[in-house]
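Trainee: Structure of the sequence below:
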Amino acid sequence: MHSIHLLEIDFEFNGQRQVIIPTILQDEQDTILIDCGYPNFEAYLESAADRKNVSLASITKVIVTHHDMDHMGSLAGLKRLYPQVEIIAHELEKPYIEGTKKSLRLEQAESGLDALSELEKPYAEQFISFLKTIEPVTVDRTVSSDETLPWCGGMEIVHTPGHMPGHISIYVPSSKTLIAGDAVVLEQGKLDIANPHFTLDMAEALSSVRRLLQYDIAQLICFHGGVFQGDVKGALEKLLRDYSA
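Mentor: Numbers count the residues shown, from 1 in each chain. You can find the predicted model right below:
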């Protein structure tokens, strides 16, 4: 048996209200956090976990879907608080999380700087400075596509590139749950591709959506937007039709 806890974190960032949804999977042996929010979000995570009657100190593993700042920003802080935590990510994401390669998001931001107007540049420069503050963290275990991990009755790693090359989603067959990361988002009840401006390869992102159609999904958890239940397959197919029109 396993339980799933959605950690809804409501906050303000750059003057805008945002909500992110890290997820905790828990069985008799392990408490697994999937993604961890922006830097210095440890207190947010602790409060959200407390609301679900889960102690953040009980976490044994953190799975990072990709190295964007809102998904790995608090990773170093969590590791300092809880040194026993095992950090897990796709093999393609490892060098970016560990800082041995420059963040692809940082490369993207820097490459587009010259094309911006003088009005836009200060905001972009602020974003670049913020990206440079993300602390690298050692990845303890790498995973690859279609690998099955033994926790929570078996968890399948689904490689869903596009947003980032090493982006992963996690499928839990026993509850027919797909934790999507940024493979898809939920906006006003509708599934969509995560912000296209931040999707590095749109064609790959759409191929990843097609890959999700292979799974029997009863509930799809989006880091941005929450849970989609019902006709998940139909909603994914509609997303694909909308982008092919």
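Trainee: Pull the distance from the helix or strand hosting D70 to the chain's centre.
Mentor: Take DSSP states H and E as the rule and D70 turns out to sit in helix 69-72. Centroid separation for helix 69-72 versus its chain: 7 Å, with Cα atoms, centre = their mean, to the nearest Å.
Trainee: ok, then the element right after it?
Mentor: Next element after helix 69-72 (DSSP H and E): helix 75-81.
Trainee: for the residue minimising distance to the centre of the chain, what are its contacts?
Mentor: Taking Cα atoms, centre = their mean, the centroid of the chain lies closest to G181, which sits 3.5 Å from it. Shown in contact with G181 (Cβ atoms under 8 Å, 6 or more residues apart in numbering): 34-35, 65-66, 71, 160, 163, 167-169, 223. Placement of C-beta: from N, CA and C, glycine included.
Trainee: Quick check: beta-bridge partners of it?
Mentor: For G181, the beta-bridge partners are C222 (DSSP bridges).
Trainee: Can I get stretch 198-216 in CSV? Just the C-alpha atoms.
Mentor: Only the C-alpha atoms of stretch 198-216 are listed here, as CSV (Å, rounded to 0.1, in the frame of the first residue of the first chain):
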residue,chain,number,x,y,z
PHE,A,198,10.5,27.7,-21.4
THR,A,199,10.1,24.5,-23.4
LEU,A,200,13.4,23.8,-25.1
ASP,A,201,12.1,21.4,-27.8
MET,A,202,8.4,21.7,-28.6
ALA,A,203,8.4,18.7,-31.0
GLU,A,204,9.9,16.5,-28.3
ALA,A,205,7.4,17.8,-25.7
LEU,A,206,4.5,16.8,-27.9
SER,A,207,6.1,13.4,-28.5
SER,A,208,6.3,13.0,-24.8
VAL,A,209,2.6,13.7,-24.5
ARG,A,210,2.0,10.9,-27.1
ARG,A,211,4.2,8.6,-24.9
LEU,A,212,1.8,9.3,-22.0
LEU,A,213,-1.0,7.8,-24.0
GLN,A,214,0.5,4.4,-23.5
TYR,A,215,-0.3,4.5,-19.8
ASP,A,216,-3.6,3.7,-18.1
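Trainee: need the longest helix for this structure.
Mentor: In the chain, taking DSSP state H as the definition, the longest helix is helix 232-244.
Trainee: Give me the contacts around it.
Mentor: Against helix 232-244 from outside (Cβ under 8 Å, 6+ apart): 178, 184, 190-193, 206, 209-210, 212-213, 217-220, 228.
Trainee: redo that, cut-off 6 Å
Mentor: By Cβ atoms under 6 Å, 6 or more residues apart in numbering, the residues outside helix 232-244 that reach it are 191, 206, 209, 212-213, 217, 220.
Trainee: remind me which residues of the chain are low pLDDT?
Mentor: For the chain, no stretch has pLDDT under 70.
Trainee: residue boundaries of the helices in it?
Mentor: Going by DSSP H, the chain shows helices at 42-51, 69-72, 75-81, 94-98, 104-111, 121-131, 202-212, 232-244.
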